[in-house]
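Engineer: Turn this into a structure:
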Amino acid sequence: AGPQPSDQYGTRASFGLSASIDTSSWSAAVSSPPGDMVALSICSPPDAPIGRYTLTLNQSMQFEFILLFNPWCTGDAVYMDSEESLAEYILSQDGIIFRGSYKHPIPTPWNFGQFEAGILDACLRILDRNPKYLRNPGKDCSGRRNPIYVSRVLSAMVNCNDDEGVLLGKWTDGYEGGVSPMFWKGSVEILRNWDQNACQPVRYGQCWVFAAVACSISRALGIPCRVVTNYLSAHDTNSNLVIERYIDDNGQPLRASREMIWNYHCWVETWMTRPDLKPDFNGWQASDPTPQEKSEGVYCCGPIPVRAIKEGELFFKYDAPFVFAEVNADVITFMKQKDGSTERVTSSTLVGQKISTKHVGSDSREDITHLYKYPEGKCTCRQNQHNLKQQYDSMTETVPRFYMRISMSA
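Structural biologist: So this is what the prediction gives:
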């Protein structure tokens, strides 16, 4: 796999014919009866890097193929054991994204189009244009065996703030040189535009467009994915888990702030195991491709286990405090008096309402707020949040992934 396959990075493998297929490693076996035609069955290990491969037989004959994550493979990190869920989160090309307001969620149809012509090629090109690949192709290609790594790369590459990413965001009026984010009805045109225009960013996107494109790419690569909408979503810029507003004694805002509450905000969840964390945090992982804050010097966010947000595990990778604040932050308003003194006047806990996604097998809205947070007023969740803030402040087999048959005639 990659431009320079190597044993060092585990992107090259040499293997001969075996009596039978071994699903735990690269292996090959004859799968046809004796005759003029020979059929070979070839299998990959479940943790092989995804991407383009060249198979060489007897140093002369070559075949090219693309290896993807396989959520039907029990040994794969993205394995999902529900056929209904796989039909929704991998195979479905049409979906619903919820917009509007928490009082009136509005379903918006979206064509993800992950199986349309040229889309997989565009998705692989996105991986090949990411800065980590450009710095060290071998190491990056090796990292593609890990969906945690891949989803983090995609979170950065769907926006163009640090790289040759897909979309340029715009949140003010005037869309000269492009189109309003409201124009887009699907991901296919966006990905094709980026791919066919020398990786120039497509103008323009906002949160639901960033999330939808990330969902299309994830599904194309074999990672189960869904778009999630958080109503009254907090944007916390200083990691103190509080949105602070300042007003004068007439109730007028005193100064502009990057901290705000969005009517709604969309991100994606991807399904995978988290062997890098303690047990019980496998499953849905939140990632956010909308460029809001930098993470490790790059505009990306996640993946972080959804359960880690609910349980307040603020030290888990990646970006737990930011996502936690999106659904849990307190909103505090301070009034500045004419004598210069400041008085706290209000405190609100409305953040994180009706967290929504499309229901499996139907266009109805599924409320998944309970996956992110305990009900208000129960389980002493607000006291737990206060304790978490103090703590944080103090810190500062059977189915193979890949199976191929090759038939050759003499």
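Engineer: how near is Y372 to E326?
Structural biologist: Counting by Cβ to Cβ, to the nearest Å, the gap from Y372 to E326 is 9 Å. (Glycine included, C-beta is placed from N, CA and C.)
Engineer: Of those two, which one has the most company?
Structural biologist: Using other Cβ atoms under 10 Å as the criterion, Y372 and E326 rank with E326 on top: 27 against 21.
Engineer: Residue nearest the middle of the protein, spatially speaking?
Structural biologist: S287 (4.3 Å; Cα atoms, centre = their mean).
Engineer: Tell me who's in contact with the nearest residue to that residue once chain neighbours are set aside.
Structural biologist: Distances taken as Cβ to Cβ, 6 or more residues apart in numbering place G302 nearest to S287, at 3.4 Å, with adjacent residues excluded. Residues in contact with G302, defined by Cβ atoms under 8 Å, 6 or more residues apart in numbering, are 151-152, 155, 267, 285-288, 318-319, 323.
Engineer: so of these, which ones are in strands?
Structural biologist: If you go by DSSP state E, those have 267, 285-287 in strands.
Engineer: Let me have those in a markdown table, extended by distance to K336.
Structural biologist: Output for the ones in strands among the contacts of G302, formatted as a markdown table (distance: Cβ to Cβ, whole Å):
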| residue | distance to K336 |
| --- | --- |
| W267 | 34 |
| Q285 | 41 |
| A286 | 36 |
| S287 | 38 |
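Engineer: and which of those residues is nearest P253?
Structural biologist: Using Cβ to Cβ, W267 is the member of these that lies nearest P253, at 27.2 Å.
Engineer: Neighbours of that closest one, how many?
Structural biologist: 26.
Engineer: Please determine how far the closest residue to it other than its chain neighbours is located from C266.
Structural biologist: Among residues not flanking W267 along the chain, D288 sits closest, at 3.9 Å (Cβ to Cβ, 6+ apart). Distance, D288 to C266, using Cβ to Cβ: 9 Å.
Engineer: Please enumerate the shared neighbours of these two.
Structural biologist: 210-211.
Engineer: Counting neighbours, go ahead and name the busier of these two.
Structural biologist: The residue with more neighbours, out of D288 and C266, is D288; 31 against 27, by other Cβ under 10 Å.
Engineer: Correct me if wrong: the more buried one contacts A156.
Structural biologist: No. Judged on Cβ atoms under 8 Å, D288 makes no contact with A156 at a distance of 10.6 Å.
Engineer: Helices of the stretch 301-410 of the chain, residue ranges please.
Structural biologist: Taking DSSP state H, counting those that start in this stretch, the helices of the stretch 301-410 of the chain run over residues 306-311, 320-328, 369-372, 381-395.
Engineer: oh sorry, the question was meant for the chain
Structural biologist: Along the chain, counting by DSSP state H, helices occupy 83-86, 119-128, 131-135, 137-143, 147-157, 188-196, 207-220, 306-311, 320-328, 369-372, 381-395.
Engineer: from the ones you listed, which stretch is densest packed?
Structural biologist: helix 207-220 (a mean of 28; mean count of other Cβ atoms under 10 Å).
Engineer: Which neighbouring elements make contact with that helix?
Structural biologist: If you count contacts as 3 or more Cβ pairs under 8 Å, 6 or more residues apart in numbering; DSSP states H and E, helix 207-220 packs onto strand 94-100, helix 119-128, helix 147-157, strand 167-169, helix 188-196, strand 225-235, strand 260-272.
Engineer: chain center to it: distance?
Structural biologist: 8 Å (Cα atoms, centre = their mean, to the nearest Å).
Engineer: residue contacts, I304?
Structural biologist: 285-287, 316-320, 323.
Engineer: Tell me where the stretch 101-250 of the chain is predicted with low confidence.
Structural biologist: The stretch 101-250 of the chain contains residues with pLDDT under 70 at 237-241, 243.
Engineer: returning to that earlier point: which residues does the residue nearest to the centre of the chain contact?
Structural biologist: 151-152, 154-155, 214, 267-270, 300-304 are the contacts of S287 under Cβ under 8 Å, 6+ apart.
Engineer: Could you point out which of the helices of the chain sits nearest I247?
Structural biologist: helix 320-328 (21.2 Å).
Engineer: Residues contacting that closest one, please?
Structural biologist: 230, 233-236, 239, 241-243, 265, 286, 288, 292-293, 295, 301-302, 304, 308-309, 312-314, 351-352, 355, 372-373, 385, 388, 392.
Engineer: go with 6 Å
Structural biologist: 230, 233-234, 236, 239, 241, 286, 293, 304, 308-309, 314, 352, 372-373, 385 (Cβ atoms under 6 Å, 6 or more residues apart in numbering).
Engineer: Kindly report the same for stretch 206-217.
Structural biologist: Contacts for stretch 206-217 (Cβ under 6 Å, 6+ apart): 97, 110, 112, 114, 123, 154, 158, 166-167, 181, 184, 187, 190, 225, 227, 265-268, 289-290.
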